[in-house]
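Engineer: What shape does this take:
(chains A and B)
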Amino acid sequence: MVKKIYFWSIFFSFFFIKESFAAESGGMPQLNPEFWVSQIFWLILTFGIMYLILSKLILPKISNNLESRKSQILENIEAAEKQREDSDVKLKEYDEIISKSKHEANSIFNQAREKALKDISAKREILDKQIDNEISEAEKEIDALRKNAPDKINKIAIETSSEILQKLIGAEVNNSSISAIVDDLSKRNGDKYYGN
Amino acid sequence: MAANPMSQFDVYRIGPEIKVGAFDISFTNASLFMILSTVSILLIFNLGSKKNSILPNKIQLLAELSYTFVSKMISDTAGSKAKPYFAFIFSLFMFVLFCNMFGMVPYTFTVTSHIIVTFVLAAFIFIGVTVIGFIKHGFGYLKLFVPSGVPAILLPLIVVIEIISYLSRPISLSVRLFANMMAGHTMMKVFGGFVISLGIVGGWLPLSFSVALTGLEILVAFLQAYVFAILTCIYLNDALNLHH
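Structural biologist: Below is the predicted model of the structure:
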């Protein structure tokens, strides 16, 4: 039922449209020359004024704006490039300074080390000499002592033996005879005591 | 009932009748929309060129994009010699575009849907281009009708065809714009009429068509303005750089 109503309504509506078109159709208004002159006049007037204003006032301004923006952007890019180059140069300088100072520090350190080493070796030499001297002196002393030791021992032995003899015998004995005996003994036994 | 799809193209007087001599130059709805279009163009581009900031605002961007769009179009089709005519082609493009777009607003009048308006524009372009061609090349401009590399036997035929095609330029240029505008608006009106007469039950189909057509017509409005401007550029190119 609904379908039928729908169909008939569409069907009739086409009739109505046809009728209304037939009743009001009067050709194209575009081809009616009544207002042609008016349209031409107003077209030339409005378009002419618009063209004049656009070409004399507005379009030069827009092109100026565009140009100035372009040049400004180019300038900015150039400035940025320049600054980058400057910073590159400065960075290089900085690197150079750093490497130079590193070198300097290294050389100073090396010099100081060498100097210290030299000082140390010089002092060591002096000390070595001193020690050698002292050692040789001490050796000399020892040698001297060693050379004197048998004589002294002999002397002591002579004195002691003379005193012992005096106490034992009660008479004085000739020192020279005692010393001759001690010498003889020490010569015989000297190797045993000194190990020479 | 405004069911007649042609009644939207009616021109009627607004205010008193103005007559200069035998000519009737009364203010009509067509004049009203011409003034509206030009005033809005001037307003937009004046606002868009007022401030010169490095980062353009929306309206400045719009103006500058249109400027570069048209200038690129001209330099692409007519070369660098066409620079003095930039302002004219820019105004032409903007005028046609704004008239077309104003026509897309309901209850408005489409200036460019009238053959007389488009024909005056096209005839002006035709005459101007011809004059420029003769000034630049003298009678050598007539070489335009003699394409190079054509066999001598075919030459009379080709020359006649070239002359006819040259003379039909204003007609094709004006009729293209006028017919596109008129056909589109008539079609939309017809579908709108269907929506009314089919009512709530059957009206949805033509309504959806109407919606789709509106989108299409906005595209056509832009496209026809572009075509009008680019054909002007091509004609100008013929006059400035004689290729044949």
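Engineer: Point me to the helix or strand that includes residue B:93.
Structural biologist: Here residue B:93 is covered by helix B:86-103, with elements defined by DSSP states H and E.
Engineer: Mind naming the longest helix for chain B?
Structural biologist: If you go by DSSP state H, chain B has its longest helix at helix B:204-240.
Engineer: Quick one: work out the angle between it and helix B:86-103.
Structural biologist: 170 degrees (axes from the mean of the first three to the mean of the last three C-alpha atoms, to 10 degrees).
Engineer: With just CA atoms, put the host helix or strand of residue A:43 into CSV.
Structural biologist: Per DSSP H and E: residue A:43 is located in helix A:36-53. The C-alpha coordinates for helix A:36-53 follow below in CSV (Å, rounded to 0.1, in the frame of the first residue of the first chain):
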residue,chain,number,x,y,z
TRP,A,36,22.5,44.7,-22.2
VAL,A,37,23.7,48.3,-22.3
SER,A,38,23.3,48.6,-18.6
GLN,A,39,25.3,45.4,-18.0
ILE,A,40,28.0,46.5,-20.3
PHE,A,41,28.2,49.9,-18.7
TRP,A,42,28.4,48.6,-15.1
LEU,A,43,30.8,45.9,-16.1
ILE,A,44,33.2,48.4,-17.7
LEU,A,45,32.8,50.7,-14.7
THR,A,46,33.3,48.2,-11.9
PHE,A,47,35.9,46.1,-13.7
GLY,A,48,37.8,49.3,-14.8
ILE,A,49,37.8,50.8,-11.3
MET,A,50,38.9,47.4,-9.8
TYR,A,51,41.6,47.0,-12.4
LEU,A,52,42.9,50.5,-11.7
ILE,A,53,43.0,50.1,-8.0
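Engineer: and that helix with chain B, contact?
Structural biologist: Yes. Using C-beta under 8 Å from any C-beta of the partner chain, helix A:36-53 reaches chain B at A:36-44, A:46-47, A:49-51, A:53. Glycine gets a C-beta too; all of them are placed from N, C-alpha and C.
Engineer: Among those, the buried ones, what's the ChimeraX command?
Structural biologist: Those of those that count as buried under 16 or more other C-beta atoms under 10 Å in any protein chain shown are selected in ChimeraX with:
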select /A:36,37,38,39,40,41,42,43,46,47,50,51,53
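Engineer: And the furthest pair within the residues of helix A:36-53 next to chain B?
Structural biologist: Largest separation among these by C-beta to C-beta: A:36 and A:53, giving 26.1 Å.
Engineer: for the strand or helix carrying residue A:69, the distance to its chain's centre please.
Structural biologist: Secondary structure assigned from DSSP H and E places residue A:69 in helix A:59-169. Mean-position distance between helix A:59-169 and its chain equals 23 Å (C-alpha atoms, centre = their mean, to the nearest Å).
Engineer: Also compute the angle for the helix holding residue A:43 relative to helix B:86-103, please.
Structural biologist: Using the same axes, to 10 degrees, the inter-axis angle of helix A:36-53 relative to helix B:86-103 is 130 degrees.
Engineer: packing partners for helix A:36-53?
Structural biologist: strand B:23-24, helix B:29-50, helix B:86-103, helix B:115-137 (3 or more C-beta pairs under 8 Å, 6 or more residues apart in numbering or on different chains; DSSP states H and E).
Engineer: rank these by pLDDT, which is bottom?
Structural biologist: Of all the helices and strands packed on helix A:36-53, mean pLDDT reaches its minimum on strand B:23-24 (a mean of 86).
Engineer: So which elements touch it?
Structural biologist: Under the contact criterion of 3+ C-beta pairs under 8 Å, 6+ apart, strand B:23-24 touches helix A:36-53.
Engineer: what's next to the helix it packs on, contact-wise?
Structural biologist: B:11, B:23-28, B:30-31, B:34-35, B:37-38, B:41-42, B:87-88, B:91, B:95, B:111, B:114, B:116-117, B:120-121 (C-beta atoms under 8 Å, 6 or more residues apart in numbering or on different chains).
Engineer: Stretch A:154-171 too?
Structural biologist: Contacts of stretch A:154-171 (C-beta under 8 Å, 6+ apart): A:172, A:173, A:175, A:178, A:179, A:181, A:182, A:183, A:185, A:186.
Engineer: Could you check the angle the helix or strand hosting the fourth one makes with helix A:59-169?
Structural biologist: Take DSSP H and E as the rule and residue A:178 turns out to sit in helix A:175-194. Comparing the axes of helix A:175-194 and helix A:59-169 via the same axes, to 10 degrees yields an angle of 140 degrees.
Engineer: tell me which residues of stretch B:11-31 are tucked away?
Structural biologist: B:11, B:13, B:24, B:25, B:26, B:27, B:28, B:29, B:30, B:31.
Engineer: before we move on, the earlier item: please state the offset of the helix holding residue A:178 from the chain centre?
Structural biologist: The answer for helix A:175-194 is 84 Å, by C-alpha atoms, centre = their mean.
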